[in-house]
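1. Sharing a sequence plus its predicted fold:
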Amino acid sequence: MLLQVNHLDAFYGRLQALWDVSVEVEQGEIIALIGSNGAGKSTFLKSIAGSIKHTSGEILFNDRDIRGGKPSKIVGSGIVMCPEGRQVFPRLSVRENLRAGGYLAGKEQVEAGYERAYSRFPVLKERASQYAGTLSGGEQQMLAIARALMVAPTLLMLDEPSLGLSPLFTEKIFEIIADIQKEGVTIILVEQNAVMALSVAHRGYVIQNGRIVSTDTGANLLKNEDIISQYLGSRTKPAVR
Ligand SMILES: Nc1ncnc2c1ncn2[C@@H]1O[C@H](COP(=O)(O)OP(=O)(O)OP(=O)(O)O)[C@@H](O)[C@H]1O
């Protein structure tokens, strides 16, 4: 098992946001975590990334408990998070953003990272010296993913990669996610767009009020009546005339 989260609780001060969350991720899988606003999806990713300190339970990565470790150390161990809302540095160029993503890596790895980023996303090469803040939303999402890949992670965590994107760009981003997995990167995908997420995911977990309430293969969750009515409703409702 690449990642094994056991009985994780997470807190913001006295407010408990995760309750007894257990999730397993095998090497090479895409795992989708779906749930409504405020369910605890980002909190789960942030707990793994080390940016939420007040946690209990276990987060085993390659059998080592990384819970409570420094975020930079967790990145160094091969886990990278691509945060919600992209959060590119708007006043840095595309290339400088990529360099920032590789700040823990050596010069050679950064050079190789540019090459990988530019071959995967040719538009970023065309815009290498443009301010990231002037890119379109979809291009910024590509940059955020490319920046996360600069350290060649083993596990990539994507928080709402399709947020605010047009249907066309959303499809493109999901194609990119599938390609990244084919290259051997394991992925945890947090999405409001449950249909898309479960379509690419090997397995999915459903989180509600900070607790995992269901888990199955992506295909089975897409067929599950309860899940459909709660999270995939718009797909099945007939159009109102
Ligand atoms: N910095 C914080 N301080 C206090 N409470 C927080 C903080 N961040 C999140 N929370 C609370 O923790 C709970 C889980 O939030 P979280 O952001 O993980 O949900 P989410 O599933 O990612 O939702 P969304 O899809 O809206 O981003 C919510 O009740 C939220 O209000």
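-> Everything's here; your move. Everything numeric here is computed off the predicted structure, so don't read it as measured data.
2. Over to residue 143: give its phi and psi.
-> When read as degrees, to the nearest 10, the backbone of residue 143 gives phi -60, psi -40.
3. which ones are touching the most centrally placed residue in the chain?
-> Nearest to the mean C-alpha position of the chain, by CA atoms, centre = their mean, lies residue 158 at 1.2 Å. Applying CB atoms under 8 Å, 6 or more residues apart in numbering to residue 158 gives the contacts 82, 145, 148, 177, 187, 188, 189, 190. All C-beta spots, glycine's among them, are computed from the backbone N, C-alpha and C.
4. If we use 6 Å, what do you get?
-> By CB atoms under 6 Å, 6 or more residues apart in numbering, the contact set of residue 158 is 82, 189.
5. which SS class is it?
-> Following DSSP: H, G, I helix; E, B strand; the rest coil, residue 158 is assigned to strand.
6. partner residues bridging it?
-> residue 82, residue 189 (DSSP bridges).
7. Residue 11 contacts residue 54, doesn't it?
-> Yes. Assessed by CB atoms under 6 Å, residue 11 is found in contact with residue 54 at 4.2 Å.
8. where does the residue nearest to residue 114 when sequence neighbours are not counted land on pLDDT?
-> In space, and not counting its chain neighbours, residue 114 is closest to residue 98: 6.0 Å by CB to CB, 6 or more residues apart in numbering. You'll see residue 98 listed with a pLDDT of 96.
9. I'd like the distance between the spatially closest residue to residue 185 that is not a sequence neighbour and the ligand.
-> Distances taken as CB to CB, 6+ apart put residue 156 closest to residue 185, at 5.3 Å, once the chain neighbours are dropped. Separation of residue 156 from the ligand (CB to the nearest ligand atom, to the nearest Å) stands at 17 Å.
10. what's near enough to touch residue 156?
-> 80, 185, 187.
11. repeat for residue 89
-> 97, 132.
12. quick one: residue 9 and residue 58 touch, right?
-> No. At 11.0 Å, residue 9 and residue 58 do not qualify as touching, with contact defined as CB under 6 Å.
13. Between the contacts of residue 156, which sits nearest the ligand?
-> residue 187 (16.9 Å; CB to the nearest ligand atom).
14. In three-state terms, label that closest one for me.
-> Residue 187 falls in the strand class when you classify it by three-state DSSP.
15. since we're on the nearest residue to it once chain neighbours are set aside, how many residues are nearby?
-> Using CB to CB, 6+ apart and skipping the chain neighbours, the partner closest in space to residue 187 is residue 30 (4.6 Å). Around residue 30 there are 23 other residues, counting by other CB atoms under 10 Å.
16. Please report how far residue 30 lies from residue 44.
-> Going from residue 30 to residue 44 by CB to CB, to the nearest Å gives 16 Å.
17. and for the longest helix anywhere in the chain, what are the contacting residues?
-> In the chain, with assignment by DSSP state H, the single longest helix is helix 167-182. With contacts defined as CB under 6 Å, 6+ apart, helix 167-182 is touched by 30, 138, 141, 161, 162, 187, 196, 200.
18. which residues of this protein fall in helices?
-> Going by DSSP H, the chain shows helices at 41-49, 71-76, 94-101, 107-120, 122-126, 137-148, 167-182, 194-200, 218-223, 225-231, 233-236.
19. Tell me which of the ones you listed sits nearest to the ligand.
-> In terms of CB to the nearest ligand atom, the element of the helices of the chain nearest to the ligand is helix 41-49, at 3.3 Å.
20. helices or strands next to that closest one in the packing?
-> Secondary-structure packing of helix 41-49 (3 or more CB pairs under 6 Å, 6 or more residues apart in numbering; DSSP states H and E): strand 155-159.
21. Around residue 132, count how many other residues there are.
-> Using other CB under 10 Å, residue 132 has 25 neighbouring residues.
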